[in-house]
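1. I'll drop the sequence and a predicted model, then ask my questions.
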Amino acid sequence: MRLPKLSLLSLITLLLNDATAKPTKLTLYLPTLPNANALPSRTHATLSSQGTHLSAPLTTSNAFVFQGLPPGSYLVEIHCPSLAFRPLRVDVGRRDGEGGREREEEEEEGRELAAAWETFRGNDWANKGEALAVVRGVFGAGFELRPLGAKAYFVERPGFSVLGILKSPMILMGLASMLMVFGMPYLMDNMDPEMKAEFDAQQRKGGPVASIMGGAGPASGNPLGDFDMAAFLAGSKKKDAPPPPADGDAAPRQQGVRR
């Protein structure tokens, strides 16, 4: 007769524990912003897990509050049109391997233990980022969010810039041409007489500068003087000119009739 009494007593104890247990609450606080009241009213946070999807609006105290969360691991995302936030991994429940006075105090207060880390899309769920510190606010203990920065939806049109115009390739080519046109005569006038005479001699002999400028012909000894680029690209071979006929083999000239 004792076994049923023990079973009934254990059942009553479990029911009392469930009745006195407080629901788990998760609070996320926004950091101090210059103008927090300017955040859009549609800013909200979503908490999702397998079979669970909850949403919490932004309160007047700049916080997101989720009530009645069962123990588990959740993905938290902040949806804000003006600020960007990293997704968070939040584990709600008793953390194994921890003890001491802090845990006893939390158990006496009836609060569930929770931890939050930054996570990254595309990585394994076990790959945790930096842990968020626990802060205290209007709604009690919670986690402070850290925004990545402001969202930009439009590209600002660049203004007029003289340096940007000078960096243009066409402008640079024009400046180089003007330097060659107006700078070369000045250099030639200020050149040393001996060097100038040597330069003129090379020009008359068909030096490299004359070859580049197109002044050298076949008689100058330059192998590229009679090069035909069009024939080379067309694939035709160079035709050798026929040798001049000898005097003995020359065709008889027709002389006119004298009257």
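-> Yep, that arrived.
2. Outline the domain layout of the protein.
-> 19-150, 162-212 (automatic domain parsing).
3. In JSON lines: these, plus mean pLDDT and mean neighbour count.
-> Backbone N, C-alpha and C define where each C-beta goes, glycine included. Putting the domains of the chain into JSON lines (pLDDT from 0 to 100; neighbours: other Cβ atoms under 10 Å) gives the following:
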{"stretch": "domain 19-150", "mean pLDDT": "79", "mean neighbour count": "14"}
{"stretch": "domain 162-212", "mean pLDDT": "81", "mean neighbour count": "11"}
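4. a markdown table for those, including distance to residue 227?
-> Shown next, in a markdown table, are those (distance: least, Cβ to Cβ, whole Å):
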| stretch | distance to residue 227 |
| --- | --- |
| domain 19-150 | 59 |
| domain 162-212 | 11 |
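5. does residue 73 count as helix, strand or coil?
-> Counting by DSSP: H, G, I helix; E, B strand; the rest coil, the backbone at residue 73 sits in strand.
6. looking at it, it is touching residue 89, isn't it?
-> Yes: between residue 73 and residue 89 a contact is recorded at 6.7 Å, counting by Cβ atoms under 8 Å.
7. anything in contact with each of the two?
-> Shared contacts of residue 73 and residue 89, defined by Cβ atoms under 8 Å, 6 or more residues apart in numbering, comprise residue 125.
8. Now do the helices in this structure.
-> Here the chain has its helices, by DSSP state H, at 2-20, 101-109, 162-166, 169-189, 193-205, 208-213, 229-234.
9. can you tell me the average pLDDT over the last one?
-> Computed over helix 229-234, the mean pLDDT rounds to 77.
10. Now do the buried residues in that helix.
-> Across helix 229-234, burial judged by 16 or more other Cβ atoms under 10 Å covers no residue at all.
11. thinking again about what came up before, out of the domains of the chain, flag the one nearest residue 233.
-> Of all these, domain 162-212 sits nearest to residue 233, with 20.5 Å by Cβ to Cβ.
12. Quick check: residue 171 touching residue 165?
-> Yes: the criterion here is Cβ under 8 Å, and residue 171 meets it with residue 165 at 6.2 Å.
13. give the contact list for the nearest residue to residue 71 once chain neighbours are set aside.
-> Counting by Cβ to Cβ, 6 or more residues apart in numbering, residue 71 lies nearest to residue 93, which is 3.2 Å off, once chain neighbours are set aside. By Cβ under 8 Å, 6+ apart, the residues touching residue 93 are 71, 72, 112, 113, 114.
14. Can you pick out the most distant pair from these?
-> By the measure Cβ to Cβ, 72 and 113 form the most distant pair in the contacts of residue 93, at 12.8 Å.
15. Overlap of the contact sets of these two?
-> Among the neighbours of residue 72, those also in contact with residue 113 (Cβ under 8 Å, 6+ apart) are 92, 93.
16. list the contacts for residue 42?
-> Residue 42 neighbours (Cβ under 8 Å, 6+ apart): 79, 81.
17. Revised request: answer the last question for residue 64.
-> Listed by Cβ under 8 Å, 6+ apart, the contact partners of residue 64 are 27, 28, 44, 45, 56, 57, 58, 78.
18. what's across from the nearest residue to the fifth one once chain neighbours are set aside in the sheet?
-> Taking Cβ to Cβ, 6+ apart as the measure, residue 56 lies nearest to residue 64, with 4.3 Å between them; neighbours along the chain are not counted. Judged by DSSP bridges, the bridge partners of residue 64 are residue 28.
19. any idea how far residue 64 lies from residue 201?
-> 88 Å (Cβ to Cβ, to the nearest Å).
20. from the contacts of residue 64, which two are the most distant?
-> Most distant of the contacts of residue 64, by Cβ to Cβ, are 27 and 44, 14.4 Å apart.
21. Verify the stated contact: residue 145 with residue 29.
-> Yes: the pair residue 145 / residue 29 is scored as a contact, 6.7 Å apart, by Cβ under 8 Å.
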